[in-house]
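1. all I have is the shape, not the residue letters:
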């Protein structure tokens, strides 16, 4: 952060006056048109398609058509919450569009990223030209200093006062698109960069180390109650009112007027309340159906986003999901490596866990622990298992959504699994300094043993419960009794934790669950029974 602020101050000190150079932001449009939104979608898609691996490299890459007009040394380092705002504001700057953002929120609790109730937007900043142009770089830096994941944590039903920058969209092919945001209330934010014809939603996300990664939407983004604002978000429409044009056609002065929810055609609470009658209004009671067929939430999202055109090839789905999960595991590896490099495992374990393991102000825990990330990965693996079980049953039932045209599904699934597992490996250096290589299948079997605790040694971080490290009995006791927390797939960001070792030993409320959901897809496939081949009109054993 100190380096970033130093860079900001240096840039601001060296930047020419706003009216003097090519870096001036001149506003020429009162609002974003449909054409502007399509242009933004293309811009985000190009960044997503590129192989850029950090916010800095993304903006310097060929995927950014505006890179040549940036000032020298204009390097932006952002995390997940700032990344969507940065992309949106940067595009506005380069295309003469208006922009405004919530720059202050209030709420309950010491850390508004994880407040148990909704945060409220209490002020916003309009990027307005007062006659001499807007200093583009300065405006961007001011923006990224102001927004964070707590900015997203607002009630999507709010209708009065200072409105949030987002609204809850309907789930459909025209509403979930590149530029749509996905907010996980456990403190993570992604931005959609592609939606394919079968309803897969591809997103990219930035991280505290400023890396940018890509994945596919699924159960790693848990459902949220509407008052916490998790899930899909689109940018709220607004208009610059009260401005006048100067002799060059630039819009001078004015203020932003934001559309309320009932003025937005695409606004919907369906992702929170379901498509069926839900008298309680609770997300836990939400039920979903598409074309009369009852579906789980994530199945519904895919069906709705594809317009009901999705097809399932179980072998292809298995390969693609394993690739996505492999990416997530490699992202996790970076955090474990950072903790190892800083020798956090050599430090004594604190006498209690943070007040909330999923969002702590403790710098060591915040930088090197992985509870939220691990919970998202476990949730994604559990959903993978459920999806494969469902597809296998659809195949047996001859459901027309299954397009697999082979004869021996079990054999083909196992072959695909083995190939993808061998292609997905992670190698770490053990405490006795020898390389340990894990395949995807190894990590599946160790998934619930992988420690999120940065004070554990590398072997425990990767689920080897017979480590070569010299962790003493105290640390090993912590590892053993954190098992129920490692079984969680739904991170409870609102819980008060602060557990001591005795609390974990006695299964204090909120300290996890005993029985995690199944994740061993290979075992699921192996237990399919006889292979199924279709001959004539009915499936028969082969």
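-> Noted; the coordinates are in hand. For clarity, every value in this text was computed on a predicted model and none was experimentally measured. Numbering: from 1, shown residues only.
2. quick check: residue 414 vs residue 322, distance?
-> Applying CB to CB, to the nearest Å, the value for residue 414 to residue 322 is 13 Å. No exception for glycine: its C-beta is placed from N, CA and C like everyone else's.
3. more neighbours, these two?
-> Summary of the neighbour comparison: residue 414 and residue 322, criterion other CB atoms under 10 Å, with residue 322 having more neighbours (22 against 16).
4. list the buried residues for the helix or strand hosting the more buried one?
-> When secondary structure is defined by DSSP states H and E, residue 322 falls within helix 314-341. Across helix 314-341, burial judged by 16 or more other CB atoms under 10 Å covers 314-315, 317-322, 324-326, 328-329, 331-333, 335-336, 339-340.
5. got it, and stretch 339-351?
-> 339-340, 344-345, 349.
6. from what I see, residue 387 and residue 314 are in contact.
-> No - Residue 387 lies out of contact with residue 314 (CB atoms under 8 Å); the separation is 9.3 Å.
7. and the pLDDT at the residue nearest to residue 414 when sequence neighbours are not counted?
-> Spatial nearest neighbour of residue 414, chain neighbours left out: residue 525 (5.6 Å); criterion: CB to CB, 6 or more residues apart in numbering. Here the pLDDT value assigned to residue 525 is 97.
8. and residue 525, that's in a strand?
-> No - read with DSSP: H, G, I helix; E, B strand; the rest coil, residue 525 is helix and lies in no strand.
9. pull the number of nearby residues for it.
-> Number of residues near residue 525 (other CB under 10 Å) recorded here: 21.
10. same question, residue 40
-> Residue crowding around residue 40 was assessed by other CB under 10 Å; the count is 21.
11. that one: what secondary structure?
-> Three-state call for residue 40 (three-state DSSP): helix.
12. that one and residue 231, how far apart?
-> For residue 40 relative to residue 231 (CB to CB), the value is 21 Å.
13. show me the shaky parts of the chain.
-> Screening the chain residue by residue with the criterion pLDDT under 70, one finds the ranges 1-21, 491-495, 530-542.
14. which residue ranges make up the domains of it?
-> Under automatic domain parsing, the residue ranges defining each domain of the chain are 2-305, 314-521.
15. looking at those, which is nearest to residue 529?
-> Counting by CB to CB, residue 529 lies closest to domain 314-521 out of the domains of the chain; the figure is 8.1 Å.
16. distance between that closest one and the chain's centre?
-> 17 Å (CA atoms, centre = their mean, to the nearest Å).
17. which ones are touching the residue nearest to residue 119 when sequence neighbours are not counted?
-> Of all residues beyond its chain neighbours, the one nearest residue 119 is residue 107 (3.7 Å), with distances taken as CB to CB, 6+ apart. With contacts taken as CB atoms under 8 Å, 6 or more residues apart in numbering, residue 107 has the following neighbours: 115, 117-120, 150, 153.
18. output the domains of the chain as CSV; include the columns distance to residue 529.
-> Formatted as CSV, the domains of the chain follow (distance: least, CB to CB, whole Å):
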stretch, distance to residue 529
domain 2-305, 24
domain 314-521, 8
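19. residue 250 - how many residues pack around it?
-> Residue 250: 17 neighbours (other CB under 10 Å).
20. surely it touches residue 25?
-> No - with the criterion set as CB under 8 Å, residue 250 and residue 25 do not qualify as a contacting pair; they are 10.1 Å apart.
21. need the overlap of contacts for the two.
-> Where contact means CB under 8 Å, 6+ apart, the residues bridging residue 250 and residue 25 through contact with each are 129, 133.
22. before we move on, the earlier item: what's the most distant pair in the contacts of residue 107?
-> Of all pairs drawn from the contacts of residue 107, the one with the largest separation by CB to CB is 117 and 150; the distance is 12.1 Å.
23. give me the more crowded residue out of the two.
-> The residue with the greater number of neighbours, taking residue 117 and residue 150 and applying other CB under 10 Å, is residue 150; the counts read 20 against 13.
24. for residue 379, list the residues it contacts.
-> For residue 379, the set of contacting residues under the criterion of CB under 8 Å, 6+ apart consists of 218-220, 222, 489-490.
25. tell me which element residue 194 falls in.
-> Under the assignment here (DSSP H and E), residue 194 is part of strand 188-195.
26. sheet partners, orientation included, of that strand?
-> Partners of strand 188-195 in the sheet, by DSSP bridges, are strand 181-184 (antiparallel), strand 201-206 (antiparallel).
27. mind putting the ones you listed in TSV, mean neighbour count and distance to residue 476 included?
-> What follows is the strands paired with strand 188-195, written out as TSV (neighbours: other CB atoms under 10 Å; distance: least, CB to CB, whole Å):
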stretch	mean neighbour count	distance to residue 476
strand 181-184	24	31
strand 201-206	22	34
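28. dump those to a markdown table, plus distance to residue 283.
-> Output for the strands paired with strand 188-195, formatted as a markdown table (distance: least, CB to CB, whole Å):
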| stretch | distance to residue 283 |
| --- | --- |
| strand 181-184 | 14 |
| strand 201-206 | 19 |
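29. quick one: closest of the ones you listed to residue 48.
-> Evaluated with CB to CB, those place strand 201-206 nearest to residue 48, the distance being 5.1 Å.
30. now name the helix or strand holding the closest residue to residue 459 other than its chain neighbours.
-> The shortest distance from residue 459 to any residue that is not its chain neighbour, by CB to CB, 6+ apart, is 3.5 Å, and that residue is residue 467. Secondary structure assigned from DSSP H and E places residue 467 in neither a helix nor a strand.
31. wait, residue 467 sits on residue 451?
-> No - taking CB under 8 Å as the contact criterion, residue 467 and residue 451 are not neighbours in contact, 10.1 Å apart.
32. mutual contacts of these two, please.
-> residue 460.
33. these two - which one has more neighbours?
-> Comparing residue 467 with residue 451 by other CB under 10 Å, the one with more neighbours is residue 451, at 27 against 20.
34. how close does the more buried one get to residue 411?
-> Applying CB to CB, one obtains 36 Å for the distance of residue 451 from residue 411.
35. and what of residue 202?
-> Spatial separation of residue 202 from residue 411 under the definition CB to CB is 30 Å.
36. kindly report the same for residue 338.
-> The value you get for residue 338 to residue 411, if CB to CB is used, is 41 Å.
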